[in-house]
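Chemist: Got a predicted structure plus its sequence, pasted below:
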Amino acid sequence: MTDFDPSVYLPDDLLDRIRERAPIHDRDNTFPQADLDELRAAGYLSILVPRERGGAGLGLEQAALLQQRLAGAAPATALAINMHLVWTGVAKVFSDRGVPGLEFVQDGAVAGEVFAFGISEGGNDLVLFGSDTAAVPDGAGGYAFTGTKIFTSLAPVWTKLGLHGLDTTSPDAPKLVFAFVDRTSAVTTADDWDTLGMRGTQSRTTRLDGAVADAAHVVRRIDPGPSPDPIVFGIFAVFEILLASVYTGIARRALELAVATAHRRRSKKSGAAYSQDPDIRWRIADMALAYDALPPQIAVVARDVDERADRGAGWFPALSGVKHRAVTMAKQVVDEAMLVAGGGSYFSANELSRLYRDVLAGAFHPSDPESAHTTAASAWLGPIEA
C-alpha cells in the first residue's frame, strides 16, 4: 500500500464532529444517526466496493486503517459501521476470487443501503458452523427464516440483514443457508440495548418470524461445521480484521489522551510536569510498546487477504490471533491510560471513562479468548486425541 491518505476518506473536520457527538450518544443511549448520514454522504459505506461498480476500490488493508482512525473518534460508531463493512468486505473477497453472488451487496452499498450482520445467536457457540434459526425452503429457491439473532448492530437503520439459518427439511439436509432479508413485518427489533459500553451501536435483539429471502438473495448453502467455503473464510477474515482495527483505534486514542494528560498535569511535590516523572514515562512507554505491535500485524494479515495469499490451515489461527491480541492490548492500554490520567478519568464525562467501558466489549466478539486459544493450540499441538 503506497500513498494512501486516510484523511481523504475521513477528513479531520468530519472526525471532529463525530468525536463531539460520541459522548452524547453514550450518555443518551442513542444511535449516531448524524454520523451515519455524514459517512454515507462521504461514500464511506462503499469504500470496499470496486471502482467499476461505483465504490472507492479500497482494499481490506486500507479499510482497516480507516476503521482505526474512525474508532479513535467514536468507537461505537466504528463498531456499528464495521458490521456493514463486513458484508461489503465479504463481497470483495468473493469478487477478488471470481466467486459470484454478492454483487447486489456492492451495488446496494453504493446506492446507500445499510447491511447488518445477523449471525450471532444466544448460546450458539458454533457461530458460523451452525445455527438455531430455522431456514425453510419456499420451493422457488428462496427461504423463510424463523429464529432470534442477538447483537444486531445498526438495529434502528439497517435496510438488509445478512444472516444464516439451518435447513433441516430439504432432501440434502442439513444445510446451512446464508442469505439476506429485507426489513419487513416478519422482522421485529427489540428495544433492549442498555449496556455498559458501546451504547451507540444499538446492537439490539432481532426476531425473525418467517422473514423471506428470495432466491436472488440466497448466497450459499453449505454443510454445517468447519468449511473451506468462501462464505466462511470471507466472514471470518473480514470480521476479525476489522474488529482488531476498532480496538486498536481505541488503544491509539487512549495513548494520545495519556500523553496529553502527562504533559498537562504537574506534580505538587516537584513542580515538574508528569511527563518528567520516571514512573509515568515507564507506564506510557509500556503502552506504546504494546500498541506499536498491532497496526503492522493487522496490515500484513489484511494485505494477505487482499492479495489472496495461501496460508492454508494457518489462516484461522492468524485471524483469531490478531483479533485476540488487539483486544487484550487495547484493554491493557486503556487501563494504563486511566492510571496516568488519575482520578479525573473515573468521572463519566471523561473520554477515558467511556473508552474504558467501550473496550470491554471486545471480549464478547468471536473469536472469544477460549476459541482463540483452542485454535492456536490445535495449530501448534494438533487436535485433542479422542
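Modeler: That came in fine, so what should we check first?
Chemist: how about the strands of this structure, start to end?
Modeler: Counting by DSSP state E, the chain has strands at residues 115-118, 134-137, 143-152, 160-167, 175-182, 187-189, 204-213, 218-222.
Chemist: Any idea which of those strands gets closest to Gly55?
Modeler: strand 115-118 (13.5 Å; CB to CB). Backbone N, C-alpha and C define where each C-beta goes, glycine included.
Chemist: Note down every partner strand of that closest one and its orientation.
Modeler: strand 160-167 (parallel) (DSSP bridges).
Chemist: Now the partner strand - C-alpha only, PDB.
Modeler: C-alpha atoms of strand 160-167 as PDB (Å, rounded to 0.1, in the frame of the first residue of the first chain):
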ATOM      1  CA  LYS A 160     -30.900  -5.500   4.600                       C
ATOM      2  CA  LEU A 161     -29.900  -8.200   7.200                       C
ATOM      3  CA  GLY A 162     -27.300 -10.800   6.200                       C
ATOM      4  CA  LEU A 163     -27.900 -13.900   8.300                       C
ATOM      5  CA  HIS A 164     -27.700 -17.700   8.400                       C
ATOM      6  CA  GLY A 165     -30.100 -20.500   9.300                       C
ATOM      7  CA  LEU A 166     -30.300 -24.300   9.200                       C
ATOM      8  CA  ASP A 167     -32.400 -26.100   6.600                       C
END
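Chemist: what comes up buried for that strand?
Modeler: Buried positions in strand 160-167, judged by neighbour count with 16 or more other CB atoms under 10 Å: Lys160, Leu161, Gly162, Leu163, His164, Gly165, Leu166, Asp167.
Chemist: Just name the closest of the residues you listed to Gly147, please.
Modeler: Set against Gly147, the nearest of those by CB to CB is Gly165 (6.3 Å).
Chemist: which residue sits closest to the closest one, ignoring its sequence neighbours?
Modeler: Distances taken as CB to CB, 6 or more residues apart in numbering place Ala135 nearest to Gly165, at 3.2 Å, with adjacent residues excluded.
Chemist: Could you tell me which residues make contact with the one you found?
Modeler: By CB atoms under 8 Å, 6 or more residues apart in numbering, the residues touching Ala135 are Tyr143, Ala144, Phe145, His164, Gly165, Leu166, Asp167, Lys175, Val177, Ala179.
Chemist: Mind picking the one among those that's closest to Phe316?
Modeler: The shortest approach to Phe316 among the contacts of Ala135 belongs to His164, at 18.2 Å (CB to CB).
Chemist: what pLDDT does that closest one get?
Modeler: Per-residue pLDDT puts His164 at 98.
Chemist: Now for it: which residues touch it?
Modeler: Here His164 is in contact with Gly118, Ile119, Leu128, Ser131, Thr133, Ala135, Leu176, Val177, Phe178, Ala179 (criterion: CB under 8 Å, 6+ apart).
Chemist: before we move on, back to that, next one: the residue nearest to Gly165 from Asp279, what distance?
Modeler: Distance, Ala135 to Asp279, using CB to CB, to the nearest Å: 58 Å.
Chemist: try Leu319
Modeler: Leu319 is 37 Å from Asp279, by CB to CB.
Chemist: lowest-pLDDT helix or strand in this protein?
Modeler: Lowest on mean pLDDT, DSSP states H and E among the helices and strands of the chain sits helix 369-381, with a mean of 93.
Chemist: List of residues touching that one?
Modeler: Contact partners of helix 369-381, identified using CB under 8 Å, 6+ apart, comprise Asp125, Ala313, Gly314, Phe316, Pro317, Ser320, Gly321, Lys323, His324, Ala363, Ser367, Ile384.
Chemist: list the buried ones in the longest helix that the chain contains?
Modeler: Counting by DSSP state H, the longest helix found in the chain is helix 230-264. Going by neighbour count (16+ other CB under 10 Å), the buried part of helix 230-264 is 230-255, 257-259, 261-262.
Chemist: With stretch 297-307 instead?
Modeler: Using 16+ other CB under 10 Å as the test for burial, stretch 297-307 gives Gln297, Ile298, Ala299, Val301, Ala302, Arg303, Asp304, Val305, Asp306.
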